[in-house]
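Peer 1: this one's sequence-less:
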Ligand code: LMR
């Protein structure tokens, strides 16, 4: 029976981690998958997470099933992080949140929900976008198209291109916006641009999905939510797929959320009933551990409590990434390497873990074959994987592969 099965191509991101593990070169460097590393190249468990886990070990009383949409306390804290405690969406109970297995799980639940309840709607994704977006939605039966996003000459936002593309999206279709720290480019709209994009989406009658996997990795927890809140101000209905993989370092615990916002509370009840039906047929109810860790940390909000400890740890991760951005730009400048015709300034202007380097497929292949440096085929580099030790090696290697 299995003889006729053809092998699937390797995943463009996680497949590289497999290839990296198999590479015997001791000098190999992995800047592919979006995982934060400290200056020593490790991805440690945050101290606030360890402390919360200890409390859970001591206090947990049951391993019985979770509700289909997870714990109400977790849902409330997710909504508070997204919109702020005093937002109209919370005051009027217009949001419902399902705890999902990671941000990827949130996207897949959203995809199944769309396919079953918004028949014929096409999803519009930025070009470029996260390598898994098309696959997740296509697998659920949702057709995908792309909208312009990046100006390749400057590696900056093609804002006019985004607005023009939105004008052409049919009403009733769905557009996915990256809430902050755009993956793979690191290029985010300014607040003014967000407001214009959100108004255009609302005027066209398009349903926005905000993919929000990096809150706190750009400018700060509140600052990074400004784009999402601009969408909330302009659009009465939307979905948010959020993740705590990066900002709590909980990658393997798979902790994320799908939040739906409706015009009113009754409509929100109807839509969450469909979301719960999707979840029940898929994984029944979510794993508890990661969400319990997040809830424990966020609930301990007294001065000196776990929440302030976590916020300091998050700020330290953000600062380290920004230091690496500056050092990467300086390293390229020192070697006379220009990644775009307009130089390397874009590296320090982008947000979050990733930079879209502008390196071609041939450069990416040469980095891997000649230097055992792994980056994603699109040219995306994980800045959060750079360290003071591997940075000069990376800059030398880029200078080498870009030689005319
Ligand atoms: C990434 O883009 O590298 C991360 O979001 C990890 C993943 O699942 O691809």
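Peer 2: Noted; the coordinates are in hand. None of these values were measured; they are calculated from a predicted model.
Peer 1: would you mind listing what in this structure touches the ligand?
Peer 2: 13, 33-34, 130, 132, 183 (C-beta under 6 Å from any ligand atom). (Glycine included, C-beta is placed from N, CA and C.)
Peer 1: please redo it, this time with the cut-off set to 5 Å
Peer 2: 13, 33-34 (C-beta under 5 Å from any ligand atom).
Peer 1: show me which of the residues you listed is closest to the ligand.
Peer 2: residue 34 (3.1 Å; C-beta to the nearest ligand atom).
Peer 1: gap between the closest residue in space to that closest one that isn't next to it in sequence and residue 386?
Peer 2: Of all residues not flanking residue 34 in the chain, residue 353 sits nearest, at 5.0 Å (C-beta to C-beta, 6 or more residues apart in numbering). Using C-beta to C-beta, to the nearest Å, residue 353 is found at 10 Å from residue 386.
Peer 1: now residue 314
Peer 2: From residue 314 to residue 386 the distance is 19 Å (C-beta to C-beta).
Peer 1: of these two, who's got more company?
Peer 2: residue 386 (26 against 21; other C-beta atoms under 10 Å).
Peer 1: tell me the phi and psi of that one?
Peer 2: Note on residue 386: its backbone torsions stand at phi -80, psi 150 [degrees, to the nearest 10].
Peer 1: wait, it sits on residue 327?
Peer 2: Yes. In this structure, residue 386 is within contact of residue 327 by C-beta atoms under 8 Å, at 7.4 Å.
Peer 1: find residues that contact each of these two.
Peer 2: Shared contacts of residue 386 and residue 327 (C-beta atoms under 8 Å, 6 or more residues apart in numbering): none.
Peer 1: and the residue of the stretch 301-404 of the chain that's closest to the ligand?
Peer 2: residue 382 (6.9 Å).
Peer 1: list the contacts for the residue in the stretch 201-350 of the chain that the ligand sits nearest to?
Peer 2: Scanning the stretch 201-350 of the chain for the residue nearest the ligand gives residue 213, at 6.4 Å (criterion: C-beta to the nearest ligand atom). Counting by C-beta under 8 Å, 6+ apart, residue 213 touches 103, 179, 181, 183, 241-243, 245-246, 256.
Peer 1: do that again at 6 Å, thanks
Peer 2: Residue 213 is in contact with 103, 243, counting by C-beta atoms under 6 Å, 6 or more residues apart in numbering.
Peer 1: what does it show for phi and psi?
Peer 2: phi -100, psi 0.
Peer 1: quick one on the thing from earlier: surely the residue nearest to residue 34 touches residue 33?
Peer 2: No. Using C-beta atoms under 6 Å, residue 353 is not in contact with residue 33; the gap is 9.8 Å.
Peer 1: more crowded one of the two?
Peer 2: Shown here are residue 353 and residue 33; by other C-beta under 10 Å, residue 353 has more neighbours (26 against 18).
Peer 1: phi, psi of residue 342?
Peer 2: phi -100, psi 20.
Peer 1: what is the neighbour count of the closest residue to it other than its chain neighbours?
Peer 2: Using C-beta to C-beta, 6+ apart and skipping residues adjacent in sequence, the residue nearest residue 342 is residue 154, 5.3 Å away. Neighbours of residue 154 under the rule other C-beta under 10 Å: 17.
Peer 1: in which helix or strand does residue 154 reside?
Peer 2: Using DSSP states H and E, residue 154 maps to neither a helix nor a strand.
Peer 1: pLDDT score assigned to residue 359?
Peer 2: Note on residue 359: pLDDT of 94.
Peer 1: and what of residue 404?
Peer 2: Taking residue 404 on its own, its pLDDT is 78.
Peer 1: residues near it, how many?
Peer 2: Residue 404: 2 neighbours (other C-beta under 10 Å).
Peer 1: now do the contacts for it.
Peer 2: Here residue 404 is in contact with no residue (C-beta under 6 Å, 6+ apart).
Peer 1: three-state assignment of the residue lying closest to residue 45 once chain neighbours are set aside?
Peer 2: Nearest non-adjacent residue to residue 45, counting by C-beta to C-beta, 6+ apart: residue 249, 6.6 Å away. Per DSSP: H, G, I helix; E, B strand; the rest coil, the secondary structure class of residue 249 is coil.
Peer 1: residue 181 against residue 352, yeah?
Peer 2: Yes. In terms of C-beta under 6 Å, residue 181 counts as a neighbour of residue 352; the distance is 2.4 Å.
Peer 1: which neighbours do these two have in common?
Peer 2: With C-beta under 6 Å, 6+ apart as the test, residue 181 and residue 352 both reach 214, 217-218.
Peer 1: which of the residues you listed lies closest to residue 86?
Peer 2: Checking these against residue 86 by C-beta to C-beta gives residue 218 as the nearest, at 22.6 Å.
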